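> below: sequence and its predicted model.
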Amino acid sequence: MNVYLNFRTSAGLVHAFKLFNPLAEQFDDAAGVYIVAASRPDNEFVPMYVGQCDSFKKDIPSNDRWCKAALMGANCVLLSSVPLQADRSALVEEMIAQLQPPLNLAIGLTDSIERQLAEQT
């Protein structure tokens, strides 16, 4: 049985994210957006990280966020094919703003601190 999570953008577009089982399936060589999440027994998902890639097959298995997300309770990934880079970037930006995944927020904080330190030198 396929499990989907639908994400509605502020413009009303709906993106379907399919629950992916890396133990039973192989990643497609397709571009898209993914959510690393903790799955709860009530079929709710708690997003830990939202990312984008040119190839699920090439990029996701080597992503350094997997270990960090697993330590935070992540146990699944949800995928949505989004071919165009501009569409992926816009979707990820909106998802991070709405869902507030902790690993994305930590990256933003780190980037902000690094920019401030660079400005001081």
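Looks like it came in fine. Numbers count the residues shown, from 1 in each chain.
> endpoints of stretch 37-46, how far apart?
5 Å (C-alpha to C-alpha, to the nearest Å).
> if you count neighbours, what's buried in it?
Ala37, Ala38, Ser39, Phe45 (16 or more other C-beta atoms under 10 Å). C-beta: built from backbone N, CA, C; applies to glycine.
> so the first one sits in a strand?
Yes: per DSSP: H, G, I helix; E, B strand; the rest coil, Ala37 lies within a strand segment.
> can you tell me how far it is from Asp29?
For Ala37, the distance to Asp29 (C-beta to C-beta, to the nearest Å) stands at 23 Å.
> flag the shaky bits of this protein, pLDDT-wise.
By pLDDT under 70, the low-scoring segments of the chain are 1, 23, 108-121.
> centroid residue for it?
Val50 (2.1 Å; C-alpha atoms, centre = their mean).
> so it bridges to which residues?
Ile35 (DSSP bridges).
> my understanding was that it contacts Leu105; is that so?
No: checked against C-beta atoms under 8 Å, the pair Val50 and Leu105 is beyond contact range at 10.5 Å.
> circling back to that earlier point, in contact with the residue nearest to the centre of the chain, which residues?
Val33, Tyr34, Ile35, Val36, Val92, Met95, Ile96, Leu99, Pro101, Asn104 (C-beta atoms under 8 Å, 6 or more residues apart in numbering).
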